[in-house]
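Peer 1: Give me a model of this one.
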Amino acid sequence: MTELRTFDPFAIEPFDDTIRALMRPWKLDLAEAAPRIKIDLTEQDGSFAVKAEIPGVRKEDIDVRVDGNQVTISAEVKSEKEEKEGTRVLRRERQQGYASRSFTLSCPVDEAKADAKYENGVLNLTLPKKAATSTKRLAVQ
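Peer 2: Residues are numbered from 1 along each chain as shown. Predicted structure coming up:
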């Protein structure tokens, strides 16, 4: 059985793939500029362990903030590429990107004992849990 369709020359669908194809190179360049932060989070008895993959970023450009049980990891990447032929510059590109990830933990973190290490594109965080505070009952007078 054959399906018949009516042709509408002003419909968006025939042009949709063409427009996407024209935009594709720009999307790829932007995706390379911004780092993607992939996170593995594990909970142990007295702490949380975070493994964040942030390739292509210098450790000076990574910012980790802990506020109670809220953790934010952000990174900025800057790169320059230059293509020369002898002394003549054929192409020079500069890219800049920024990425951030925030997540909430089940209990507050002891900021004083927290530790962060960055090596080979992997950020390892050790976030100790803050000791539970005991409640005090007050006598009413």
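
Peer 1: so how far is residue 137 from the nearest residue to residue 80 once chain neighbours are set aside?
Peer 2: Closest residue in space to residue 80, ignoring its immediate chain neighbours: residue 94 at 5.1 Å, by CB to CB, 6 or more residues apart in numbering. From N, CA and C alone the C-beta is placed, and that goes for glycine too. Distance, residue 94 to residue 137, using CB to CB, to the nearest Å: 63 Å.

Peer 1: Of those two, which one has the most company?
Peer 2: residue 94 (10 against 5; other CB atoms under 10 Å).

Peer 1: What residues sit buried inside whatever helix or strand that one lives in?
Peer 2: Assigned by DSSP states H and E, residue 94 falls within strand 88-104. For strand 88-104, burial by neighbour count (16 or more other CB atoms under 10 Å) applies to 97, 99, 101.

Peer 1: min pLDDT across the residues you listed, which one?
Peer 2: In terms of pLDDT, residue 97 ranks lowest among the buried residues of strand 88-104, with 84.

Peer 1: That residue and residue 62, how far apart?
Peer 2: 13 Å.

Peer 1: try residue 36
Peer 2: 14 Å.

Peer 1: Could you report the neighbour count for residue 109?
Peer 2: 22.
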